[in-house]
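Participant: okay, predicted coordinates and the sequence, questions at the end:
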Amino acid sequence: MTKNMTALAGSTVAALAYLDDILDDLELDGLGGEEISDEVEEVVEASAVVEDEPAAVVTDEDLENVDLDELEMSIDREEGYASQESEMSVAENAAQTAAAAKTQPATTPRAPRAPSAPRTPRDMASLDAKVFVLEGDASTMEADALEKNKATVMAALPSQKKIAEKFENLFAALNAGKQPSVYVTAAFKLLDEKKTITGTDITTMYKATYKQGTAQSQSGQIMTLFEAAKIATRQKNTLVLNDNSAVAERLREIFANAA
């Protein structure tokens, strides 16, 4: 048994050496002699019988009958299969990544904030002309005089935005028979009680409820408003109640009815 195995090994080595000599004389595109030699060795080893069966003896005739073209094509096919498997693996990974991305909850883009609606100016032109009478008795005035007076008062609308808003609010309240803004209401009640007040008096009153900055800014707006509406006459930082003010009289009626 040992003798036979030794003979087989010697024959295999001789066969490989013979095949190497043949390959040295060949030039195959894209393949080196060592690569083909390694492949032939695998073919020869694969031809051995497994599980103690007598191994087939490779003869010189068998080696001469090796189809080198077929062998080269076989190697190319194996390389092609390996390349395809690699590409398929990449494709599968890409598909899995895409599938995972689809399962992730979509991030909802934040809706753009709607632009704030501009303040709609009150249509003072639609108000009753009588509420624009600042002094005197409106009931004694002719319609033409009332309309002319209304146009004059509307043209005197203060240019500063915050004061203009208070001006519009005041006449809208008079027309509806309702109290004006809390700032106007509080300041008028203080003026109607004391008859003469200063900007400091108004500021001190507001500070009991509001911050220092708010109290000061509101005080300045009230003094300008009361002068424009002829509720009071102004001398620098002092307001004096106008006894002929039709607006003041109308405000007293509204507060009395609310009480």
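Facilitator: Perfect, thanks for sending it. Computed from a prediction, not measured in an experiment: that's the story for all the values here.
Participant: now do the strands in the stretch 151-259 of the chain.
Facilitator: Secondary structure of the stretch 151-259 of the chain (DSSP state E, counting those that start in this stretch): strands located at 196-198, 232-235, 238-241.
Participant: can I get these in JSON lines with distance to residue 151?
Facilitator: Backbone N, C-alpha and C define where each C-beta goes, glycine included. Conversion of the strands of the stretch 151-259 of the chain to JSON lines gives the following (distance: least, C-beta to C-beta, whole Å):
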{"stretch": "strand 196-198", "distance to residue 151": "31"}
{"stretch": "strand 232-235", "distance to residue 151": "23"}
{"stretch": "strand 238-241", "distance to residue 151": "27"}
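Participant: would you turn these into a markdown table with mean neighbour count, distance to residue 189 and mean pLDDT?
Facilitator: Output for the strands of the stretch 151-259 of the chain, formatted as a markdown table (neighbours: other C-beta atoms under 10 Å; distance: least, C-beta to C-beta, whole Å; pLDDT from 0 to 100):
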| stretch | mean neighbour count | distance to residue 189 | mean pLDDT |
| --- | --- | --- | --- |
| strand 196-198 | 18 | 11 | 97 |
| strand 232-235 | 16 | 13 | 96 |
| strand 238-241 | 18 | 11 | 98 |
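Participant: out of the ones you listed, which is closest to residue 249?
Facilitator: Closest to residue 249 of the strands of the stretch 151-259 of the chain, according to C-beta to C-beta: strand 238-241, at 11.3 Å.
Participant: tell me how far the closest residue to residue 177 other than its chain neighbours lies from residue 168.
Facilitator: Leaving aside its sequence neighbours, residue 177 sits nearest to residue 254 (C-beta to C-beta, 6 or more residues apart in numbering; 6.0 Å). According to C-beta to C-beta, to the nearest Å, residue 254 stands 17 Å off from residue 168.
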